[in-house]
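*Asks:* Predicted model, plus sequence, below.
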Amino acid sequence: MLTIDDFAKIELRVARIVHAEPHPNADKLMVLDVEIGPDRRRIVAGIRKHYAPEELLGKSIVVVANLQPATLRGIESQGMLLAASDEEGRLVLVTPEKPIGAGARVR
């Protein structure tokens with residue numbers, strides 16, 4: 001179990017996807033360029049079987065903005081997006097209910 005202090009360390013932010021392409025070396029991974037306020041970052045996510053690059057452009061998503069970078073199949077990922085999945089394996093991205101600016105803090 002996490003304490004409230006542990007949870008408070010996680011920085012959730014709204015990000016806007018400005019570029020998406022399949023990872024060149026992995027069938028399940030998508031490479032996303034996102035804007036989080038004035039910052040632009042690259043996130044590598046296992047969503048390729050659920051989304052086409054063109055349907056991701058302009059979409060607002062929720063990301064963990066203060067996660068230590070990790071290299072996935074040769075590409076550095078500078079965050080993690082949030083998604084939900086069901087028992088059948090369907091995956092959907094966590095998105096804001098209404099339009100809000102990129103960089104907005106999720107609480």
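*Replies:* Done, it's in.
*Asks:* Please count neighbours and contacts with C-alpha atoms only from this point.
*Replies:* Noted.
*Asks:* Which secondary structure elements does the longest strand belonging to the chain sit against?
*Replies:* When every strand of the chain is counted residue by residue (DSSP state E), the longest turns out to be strand 12-22. Applying 3 or more CA pairs under 8 Å, 6 or more residues apart in numbering; DSSP states H and E, we find strand 12-22 packed against strand 30-36, helix 53-56, strand 60-64, strand 105-106.
*Asks:* Could I get those in CSV, plus columns for mean pLDDT, distance to residue 74 and mean neighbour count?
*Replies:* Shown next, in CSV, are the helices and strands packed on strand 12-22 (pLDDT from 0 to 100; distance: least, CA to CA, whole Å; neighbours: other CA atoms under 10 Å):
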stretch, mean pLDDT, distance to residue 74, mean neighbour count
strand 30-36, 98, 11, 23
helix 53-56, 97, 20, 14
strand 60-64, 98, 21, 23
strand 105-106, 96, 30, 14
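*Asks:* Can you check which of these gets nearest to residue 89?
*Replies:* Among these, the nearest to residue 89 by CA to CA is strand 30-36 (17.1 Å).
*Asks:* circling back to that earlier point, reformat the helices and strands packed on strand 12-22 as a markdown table; add distance to residue 15.
*Replies:* Formatted as a markdown table, the helices and strands packed on strand 12-22 follow (distance: least, CA to CA, whole Å):
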| stretch | distance to residue 15 |
| --- | --- |
| strand 30-36 | 5 |
| helix 53-56 | 12 |
| strand 60-64 | 5 |
| strand 105-106 | 10 |
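*Asks:* And those: which comes nearest residue 86?
*Replies:* strand 60-64 (18.4 Å).
*Asks:* could you point out which element follows the closest one?
*Replies:* strand 70-72 (DSSP states H and E).
*Asks:* Great, nothing more from me.
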